[in-house]
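Asks: Based on what follows, work out the 3D shape:
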Amino acid sequence: LHVGQAGVQIGNSVWELTCAEHGVSYQGALLDAKSRLKSPQDAKSSEAPGDEELSLMFSRSHTNRIVPRSLYVDLEPTV
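Replies: This next block holds a predicted model:
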C-alpha cells in the first residue's frame, strides 16, 4: 500500500527495481535470463523465476500478464 505523493514515488521506485530483479517487463511479460538484474546469490543460476517465487509479489491477470501486488492512493486531486 503506497499512500500520498511520497508513497507513490517511493512505490514506483521499489516496484521498478523489483520488476527488474524478477525479470518482469513493463508490459507484464517475463524477460529472458540475460535481461534480468542479478543478485550475487542467483548469479550462478540462469533460470527464470518460478511461479512460486513470482506469486509472492506478483499476480497473473486473466490475460496472463504479470502485475505487481500493490495499491497506490493519492488524496491530492490536483496532482
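Asks: Quick check: next helix or strand after the worst-scoring helix or strand of the chain on mean pLDDT?
Replies: Scoring the helices and strands of the chain by mean pLDDT, DSSP states H and E places helix 51-57 at the bottom, with a mean of 75. Counting by DSSP states H and E, the element after helix 51-57 in chain order, helix or strand, is strand 58-60.
Asks: quick one on the thing from earlier: which elements pack onto the least confident helix or strand of the chain?
Replies: helix 4-22 (3 or more Cβ pairs under 8 Å, 6 or more residues apart in numbering; DSSP states H and E). C-beta here means a position set from N, CA and C on the backbone, and glycine is covered the same way.
Asks: Now do the helix it packs on: distance to the chain's middle.
Replies: Centroid separation for helix 4-22 versus its chain: 8 Å, with Cα atoms, centre = their mean, to the nearest Å.
Asks: ok, the residue nearest in space to the middle of the chain to E76 distance?
Replies: For the chain, the residue sitting closest to the mean C-alpha position, by Cα atoms, centre = their mean, is C19 at 3.2 Å. Distance, C19 to E76, by Cβ to Cβ, to the nearest Å: 26 Å.
Asks: Please identify which helix or strand holds V67.
Replies: Using DSSP H and E, V67 falls in strand 66-68.
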